[in-house]
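Peer 1: I'll drop the sequence and a predicted model, then ask my questions.
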Amino acid sequence: MSGKNETPVLVAALLITAGLLGGGYWWLNQNGGLRLGGITGSAPTTGNPSNPPSPNGSPATGVDGFAQVANVPAGLFNYGGSTTWAPIRTTVDTAMQQAHPGFQLRYTDPIGVPAASGTGIEMLLNNQLSFAQSSRPLKPEERQRAEQQGYSLKEIPVAIEGLAIAVHPDLPISGVTLTQLQDIYLGRITNWSQVGGPNLAIVPISRPAEGGTVEFFVNTVLAGSPLPGTVRNANTTTEALRLVSNTPGAIYYASAPEVVGQCTVKPIAVGRQPDQMVLPYAEPYVPPAACPGQRNQINVEGLRSGDYPLTRRLFVIVRADGQTDQQAGEAYANLVLSGEGQQQLLQAGFVPIR
């Protein structure tokens, strides 16, 4: 009889205990005292809402120093592409590898053709590079080739850069408009006297058409018209600048960091209109006689504001295939986008975008 009377009491006690345990579990879970991520297979959320992913699919870094950038893989990674990136490769890239010694970068030239944005992207598509550096965005046909191979390409913008116009240091010309520049390269203006200069034949110089800089110039300045045969070709910017310094009537265009600080040529102003001339360097002008002790510096504010008319973005091109090379390319972009990377870009003559 006593056993039967105790049964309802035991059942009630068990129900009360279960209720208390369930309520305690609910309270702890709601107040952060219990995390079951390891049991359920989902990790707790740790994302920073103020640091969302970038539109290009690469996470924004939001860190100051190279050493703080996470997910930098160890290994030897080939990279290459645009010659515009040369000042970055010799300064920024060296510093980031010092912060991450296991992240080894090896610049790789193409075989039989000049280095350029297009050849770098081609090498990436041919699995010769881990990632590419470009001074132009991807073309539709490049994206299509990647898709046909079972992956996608993405472009991550990391800096702003300007094109500078170089002439002989003794040429008494202070600047040209975009229209005059177009007419010079298309052969409609052939003498400096036609733009207020001396009676001297103009010798326009360009690099081969495969480069991103040439494509930008053709599309932006020449409105898509191809360079005529009257334009003299130089294989590299070094060769072209040497030609300008030895040819009184020469003119050449290249990445501003490759031109502005040179001692043997003179960068000139460019304007959308005659009354809108903007210099690619910060005043006061440093004459060749004072160089190399002093050098002209990039007009950062003119490029950042857009007042200077010849500006573009630089990109890291990444093959999105889930492999280690993708991790390397994204890590490289994040290193360049870190506070330290952007500051070093500025010192190298480029304009930070963050």
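Peer 2: Cool, the structure landed. Numbers count the residues shown, from 1 in each chain.

Peer 1: where's the nearest residue to residue 134 once chain neighbours are set aside relative to residue 268, distance?
Peer 2: Of all residues not flanking residue 134 in the chain, residue 117 sits nearest, at 4.1 Å (CB to CB, 6 or more residues apart in numbering). No exception for glycine: its C-beta is placed from N, CA and C like everyone else's. Remark: distance between residue 117 and residue 268 (CB to CB, to the nearest Å) = 25 Å.

Peer 1: those two: which is more packed in?
Peer 2: Between residue 117 and residue 268, counting by other CB atoms under 10 Å, residue 117 is the more crowded of the two (29 against 20).

Peer 1: quick check, the more buried one in contact with residue 81.
Peer 2: Yes. The pair residue 117 / residue 81 is scored as a contact, 5.6 Å apart, by CB atoms under 8 Å.

Peer 1: shared neighbours, the two?
Peer 2: Counting by CB atoms under 8 Å, 6 or more residues apart in numbering, the shared contacts of residue 117 and residue 81 are 132, 133, 134.

Peer 1: mind listing what the first one touches?
Peer 2: If a contact means CB under 8 Å, 6+ apart, then residue 132 has 79, 80, 81, 117, 120, 121, 123, 124, 316, 317 as its contacts.

Peer 1: partners of the host helix or strand of the second one in the sheet?
Peer 2: Think residue 80. Assessed by DSSP states H and E, residue 80 sits inside strand 75-81. Here strand 75-81 is paired, per DSSP bridges, with strand 103-107 (parallel), strand 131-134 (parallel).

Peer 1: out of those, deepest packed?
Peer 2: Mean neighbour count (mean count of other CB atoms under 10 Å) peaks for strand 131-134 among the strands paired with strand 75-81, with a mean of 28.

Peer 1: go through the helix or strand just after that strand and flag the buried ones.
Peer 2: The helix or strand immediately downstream of strand 131-134 is helix 140-148, counting by DSSP H and E. Neighbour-count burial for helix 140-148 flags 142, 146 (criterion: 16 or more other CB atoms under 10 Å).

Peer 1: can you name every helix or strand that helix 140-148 contacts?
Peer 2: helix 117-125, strand 152-167 (3 or more CB pairs under 8 Å, 6 or more residues apart in numbering; DSSP states H and E).

Peer 1: what's whatever helix or strand comes next after the longest one packed up against?
Peer 2: If I follow you right, that is strand 152-167. On the C-terminal side of strand 152-167, the closest following helix or strand by DSSP H and E is strand 175-177. Helices and strands touching strand 175-177, by 3+ CB pairs under 8 Å, 6+ apart, are strand 266-271.

Peer 1: please parse this structure into its domains.
Peer 2: Per automatic domain parsing, the structural domains of the chain span 66-159+312-352, 162-311.

Peer 1: wait, which of the helices and strands packed on helix 140-148 is closest to residue 173?
Peer 2: Nearest to residue 173, of all those, is strand 152-167, at 6.1 Å by CB to CB.

Peer 1: given the closest one, what are its sheet partners and their directions?
Peer 2: For strand 152-167, the paired strands and their directions (DSSP bridges) are strand 250-255 (antiparallel), strand 266-271 (antiparallel), strand 311-320 (antiparallel), strand 351-352 (antiparallel).

Peer 1: next one: it to chain centre, how far?
Peer 2: In terms of CA atoms, centre = their mean, to the nearest Å, the centre of strand 152-167 is set 6 Å apart from its chain centre.

Peer 1: what are the boundaries of the helices in the stretch 1-150 of the chain?
Peer 2: Assigned by DSSP state H, counting those that start in this stretch, the stretch 1-150 of the chain shows helices spanning 2-30, 37-40, 86-90, 92-99, 117-125, 140-148.

Peer 1: which one of the ones you listed has the lowest average pLDDT?
Peer 2: Mean pLDDT values for those show the minimum at helix 37-40, a mean of 26.

Peer 1: how close does the residue minimising distance to the centre of the chain sit to residue 212?
Peer 2: Per CA atoms, centre = their mean, the C-alpha nearest to the average position across the chain is that of residue 314, at 3.0 Å. Distance from residue 314 to residue 212, counting by CB to CB: 9 Å.

Peer 1: need the overlap of contacts for these two.
Peer 2: Shared contacts of residue 314 and residue 212, defined by CB under 8 Å, 6+ apart, comprise 82, 84, 134, 135.

Peer 1: and of those, the nearest to residue 347?
Peer 2: If you rank those by distance to residue 347 using CB to CB, residue 84 comes first, at 16.1 Å.

Peer 1: got a list of what the closest one touches?
Peer 2: Residue 84 makes contacts with 117, 135, 161, 212, 213, 255, 257, 258, 314, as judged by CB under 8 Å, 6+ apart.

Peer 1: nearest to residue 279, of those residues?
Peer 2: Of the contacts of residue 84, the one sitting nearest to residue 279 (CB to CB) turns out to be residue 257, at 14.8 Å.

Peer 1: any idea which helix or strand carries the closest one?
Peer 2: Counting by DSSP H and E, residue 257 is found in helix 256-259.

Peer 1: can you name every helix or strand that that helix contacts?
Peer 2: Using 3+ CB pairs under 8 Å, 6+ apart, helix 256-259 sits against helix 86-90, strand 152-167, helix 237-246.

Peer 1: in terms of mean pLDDT, which of these ranks lowest?
Peer 2: Ranked by mean pLDDT, the helices and strands packed on helix 256-259 bottom out at helix 86-90, with a mean of 92.
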